[in-house]
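Enquirer: the following block contains a protein sequence and its predicted model.
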Amino acid sequence: MNLRLAGALVFAFPWLAVAQVAILHIQIVEGDGAVHAPGSHSQQPLAVEVTDETGRPVAGAAVTFTLPDEGPAGFFANNLHTAVVVTDRQGRAAVRGLQLNRTPGRFQVRITASREQARAGTVAFQYISGTGGGAPAAPAATRSGRKWIWLAVAAGAAAAGGIAAGASGGHAAAAAAVPPAAMVTLPAPTVAVGPPSITVGKP
């Protein structure tokens, strides 16, 4: 009776007859990096592909998707933080219907695949935007820092422009730039002449 049942299952689901898998590889093929609006109900799939050590698709592998219990995240269509999907003949498994909460930020979805004794795992990152759509806004501290950097560069450029304008005046501008304390006055040269003298020797 058991042999008949096993034969019927293999006939109905041929992928169950695949030889034992020693190594699994799991790759995210869709949904990694997705950005969601706060409180939205997303139908965008998060899909993976599971293959063996030779690169062939592995059917019948159980793929578990797990969301964080707190912080930015949400629930799967089963109203739980965990969903299990079995790979098809192409080794694909996907989840849809993610209900997001209203906490903005990045969150990770832990993904594990198992078949018999083989295991594999990976992580997908998704986001809940802080403005109702698009990527999360940059932190205020970062934007402020960039503003101050820009002001410092502008001030430096203005100072450099002033120096360049002074230099364009030639030698006269250069002399005018010398402070009065640096000027040195030299006395006029003098010449002293003594009375003439005549010396007469013996004839």
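Expert: The structure has been received and is ready for your questions. Fair warning: this is a prediction, and the values are worked out from it, not measured in the lab. Numbers count the residues shown, from 1 in each chain.
Enquirer: name the element R102 belongs to?
Expert: Using DSSP states H and E, R102 falls within no helix or strand.
Enquirer: quick check, it in contact with G39.
Expert: Yes. Here R102 lies in contact with G39, judged by CB atoms under 8 Å, at a distance of 4.8 Å. In short, each C-beta sits where N, CA and C put it, glycine included.
Enquirer: spit out the contact partners of V95.
Expert: Shown in contact with V95 (CB atoms under 8 Å, 6 or more residues apart in numbering): 45-46, 65, 76-77, 83, 85.
Enquirer: which member of the residues you listed is positioned nearest V35?
Expert: L46 (13.0 Å; CB to CB).
Enquirer: show me where this protein has its helices.
Expert: Residue ranges of the helices in the chain, as given by DSSP state H, are 2-12, 140-167, 170-176.
Enquirer: give the bridge partners for the nearest residue to F76 once chain neighbours are set aside, please.
Expert: In this structure, F76 finds its nearest non-sequential neighbour in A83, 4.1 Å apart by CB to CB, 6 or more residues apart in numbering. A83 has the following beta-bridge partners by DSSP bridges: F65.
Enquirer: so that it lines up with my notes, have the first residue be 50 from now on.
Expert: Let's use 50 as the start, then, which means that last one is A132.
Enquirer: before we move on, the earlier item: who wins for neighbours among the contacts of V144?
Expert: Compared across the contacts of V144, L95 has the highest neighbour count, 24 neighbours, by other CB atoms under 10 Å.
Enquirer: who does that residue form a beta bridge with?
Expert: Note on L95: beta-bridge partners V144, judged by DSSP bridges.
Enquirer: ok, T171 next?
Expert: T171 has these beta-bridge partners by DSSP bridges: I160.
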